[in-house]
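Enquirer: Fold the stuff below for me.
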Amino acid sequence: MVTDHFADDPRTNLERMLAGDLYIADDPEIARRQQHAMRLAARYHAAYVEDAATARPLLAELLASVGEGVEVRPPLAVDYGSNITIGARTFVNYNLTALDVATITIGEDCQIGPNVQLLTPTHPLEPQPRRDKLEAARPITIGDNVWLGGGVIVCPGVTIGDNTVIGAGAVVTKDIPADVVAVGNPARPVRAL
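Expert: Below you'll find the predicted structure:
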């Protein structure tokens, strides 16, 4: 028997997801939006290979906001794209995975290394019947002039302050203040900038 977690909640799973509440991930409207984002990301990749400048309108269609002078090298993997904002003059290297169930805000003048993962989804820690597929999400905010080294993983709900460097391979599980270098798993500030 499947538990009805939302018996007293008239909202759709999409509405619950966008509010940051628990939702069931296999909702048809959610799947439709994910499929749309995958198609746009594939079109962006193909267009970028031919001419990066002409691919930009596809990136602008995929993401919520793309600042002036932004470069995103494909492949780019997103859940929806519509919850991602990238500030002006930011450079994103190959293979960014940005699971944007909640908002992902990347500031201006950032450098994002290859194979970075920005992960907003969360899951209940209590055992759940397998069919329920309950998830929730927490936003990620990356300040201005932040450098994320190759392979960095940023976990749900994290804020990274301005003028901060996160060393390659770090796993950022908690907020990192401005003006520091942070490294490790979990990432910890090791010196001021």
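
Enquirer: and the residue nearest to the spatial centre of the chain, helix, strand or coil?
Expert: Geometric centre of the chain, nearest residue: A98, 3.1 Å, by CA atoms, centre = their mean. Judged by DSSP: H, G, I helix; E, B strand; the rest coil, the three-state class of A98 is strand.

Enquirer: my guess is it contacts L118, does it?
Expert: Yes. Between A98 and L118 there is a contact at 4.5 Å, judged by CB atoms under 8 Å. C-betas here are computed from N, CA, C, even on glycine.

Enquirer: any common contacting residues for these two?
Expert: Both A98 and L118 are in contact with I104, where contact means CB atoms under 8 Å, 6 or more residues apart in numbering.

Enquirer: Tell me the buried residues in the helix or strand of the chain with the lowest mean pLDDT?
Expert: Across the helices and strands of the chain, mean pLDDT, DSSP states H and E gives its lowest value to strand 134-137, namely a mean of 81. Residues 134-137 are the ones in strand 134-137 that count as buried (16 or more other CB atoms under 10 Å).

Enquirer: Show residues contacting the next helix-or-strand element following that strand.
Expert: Per DSSP states H and E, strand 134-137 leads on to strand 140-142 as the next helix or strand towards the C-terminus. The contact list for strand 140-142 (CB under 8 Å, 6+ apart) reads 102-107, 110, 118-120, 148, 154, 156-160.
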